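> predicted model and sequence below, questions to follow.
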Amino acid sequence: MAAERRITVQVPASTSNLGSGFDALGMALQIHSRYDVTVLNDGPPFHIEATGLNAERIRTDEDNLALQAFRMLCDFVDQEPPPIRMRVLNGIPLERGLGGSASAILGGMLAANAAIATPLDDDAVLALATELDGHADNVTASLYGGLRVVCRDGRKVISLPIAPSDDLQIVLAVPRISVATRAARTILPAEVPLEDAAYNIGRAALLVAAFASLEYSCLDVAMEDRLHQQHRKLLIPQMDAVFLAAREAGALAAALSGSGPSILAFCTTGAEDVGEAMRRAFAAGRVEATVHITTIDFRGASVTVVDVPEAAL
């Protein structure tokens with residue numbers, strides 16, 4: 001019997017868009033899911049267990065997203081997927097605009113990359129993960145960590161880091177409603193007025209400059225948006241009220257997290273007060289919400305590999 005390879009992948013949650021930066025900005029968060037994968041010498045093709053947050057909603061069959069990602073990377077390098085045992089410890093709320101799908105895809109692909117003989121570099125993994133996810137902002141942030149500006153050039157993903165200060169707090173109000181990314185996409189118009197496009201371009205550029213120069217007083221204007229949030233609020237009760245409540249409680253700015261329904265606010269002080277104000281604003285519309293106060297994850301995804309000798313099995 002050959003040695004058994006045990007792989008642990010930890011992937012942070014992520015937020016994206018940040019208001020004006022539609023499909024162009026992603027930020028990793030200090031909320032994580034973990035994927036423990038054991039590469040077996042023989043046995044059935046896979047066995048999956050799911051624990052943690054929303055575990056009952058995580059598929060344990062062929063449709064598990066991390067498993068699909070694992071197999072996709074193996075197929076990409078023309079290697080037969082080995083039999084595996086996968087244990088998912090989920091810490092990311094699902095279908096809440098916090099990069100749960102991106103986390104699962106990276107968990108599976110990074111585990112596969114550690115399992116095969118010819119591992120891909122991070123850029124190749126990112127391109128493949130983006131192909132499966134359909135968008136680059138969340139997977140880029142979760143893979144590399146920090147705040148990233150993201151652009152796709154054909155199949156290639158180009159991203160550069162921005163370095164906000166590590167004292168920036170992120171308040172997340174996570175309502176007990178689900179919004180599938182596909183639904184949040186289909187509600188958007190196919191065309192937008194030139195004036196609205198220019199409005200967002202200017203603010204997205206200002207947003208990047210504000211984070212890069214630590215001029216957080218500009219965030220409120222820089223995160224204003226005319227491309228997606230006004231349409232998505234049809235799926236998210238109380239969105240405008242929660243934005244207003246966050247700002248009135250002292251937040252620097254507020255926006256949808258990704259496609260929603262979670263709403264994020266940036267603070268340097270008073271995060272607890274901001275979170276309570278956001279929760280109350282949701283409650284005023286009879287929507288229950290959970291508040292999380294977190295920070296930026298600057299590390300990104302991590303992979304640990306242990307080869308257990310034959311004698312220890």
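That came through fine. Residues are numbered from 1 along each chain as shown.
> what separation do you get for residue 78 and residue 135?
As judged by C-beta to C-beta, to the nearest Å, residue 78 and residue 135 stand 27 Å apart. In this view, the C-beta of every residue, glycine as well, is placed from N, C-alpha and C.
> which of these two has more neighbours?
Taking neighbours as other C-beta atoms under 10 Å, residue 78 and residue 135 compare with residue 135 leading, 19 against 8.
> check the burial of the nearest residue to that one once chain neighbours are set aside by counting its neighbours.
Residue nearest to residue 135 in three dimensions, not counting chain neighbours: residue 23, with 6.3 Å by C-beta to C-beta, 6 or more residues apart in numbering. By the criterion of other C-beta under 10 Å, residue 23 has 15 neighbours.
> got the confidence number for residue 311?
According to the predicted model, the pLDDT of residue 311 comes to 56.
> how far is the helix or strand of the chain with the lowest mean pLDDT from where the chain is centred?
Least confident helix or strand of the chain, by mean pLDDT, DSSP states H and E, is helix 181-186 with a mean of 78. How far helix 181-186 lies from its chain's middle: 16 Å, per C-alpha atoms, centre = their mean, to the nearest Å.
> buried sites along it?
For helix 181-186, the neighbour count (16 or more other C-beta atoms under 10 Å) marks 181, 184 as buried.
> got the buried residues for whatever helix or strand comes next after it?
Per DSSP states H and E, the first helix or strand lying C-terminal to helix 181-186 is helix 194-213. For helix 194-213, the buried set under the neighbour-count rule, 16+ other C-beta under 10 Å, comprises 199-200, 203-204, 206-208, 210-211.
> pLDDT at the residue most central in space within the chain, what is it?
Of all residues in the chain, the one closest to the mean position by C-alpha atoms, centre = their mean is residue 99, 2.4 Å from it. The model reports residue 99 with a pLDDT of 96.
> how close does it get to residue 153?
For residue 99 relative to residue 153 (C-beta to C-beta), the value is 22 Å.
> now do residue 265
Taking C-beta to C-beta, one finds residue 265 at 33 Å from residue 153.
> between these two, point out the one with more neighbours.
residue 265 (30 against 7).
> which SS state does the more buried one fall under?
strand (DSSP: H, G, I helix; E, B strand; the rest coil).
> residues contacting it?
Counting by C-beta atoms under 8 Å, 6 or more residues apart in numbering, residue 265 touches 170-171, 173, 246-247, 251-254, 274-275, 278.
> so which of those residues comes closest to residue 295?
Residue 295 lies nearest to residue 170 out of those, by C-beta to C-beta, at 6.4 Å.
> other residues contacting stretch 216-227?
So stretch 216-227 is contacted by 17-20, 22, 168, 188, 192, 196-197, 199-200, 203-204, 206-207, 209-210, 247, 252-255, 266, 268 (C-beta under 8 Å, 6+ apart).
> which residues does the nearest residue to residue 160 once chain neighbours are set aside bridge with?
Closest residue to residue 160 in three dimensions, ignoring its sequence neighbours and counting by C-beta to C-beta, 6+ apart: residue 149, at 5.1 Å. Beta bridges link residue 149 to residue 25, residue 160 when assigned by DSSP bridges.
> residue 199 versus residue 149, what's the distance?
Residue 149 sits 19 Å away from residue 199, going by C-beta to C-beta.
> what's the answer for residue 215, then?
For residue 215 relative to residue 199 (C-beta to C-beta), the value is 20 Å.
> repeat for residue 248
From residue 248 across to residue 199, the span is 24 Å (C-beta to C-beta).
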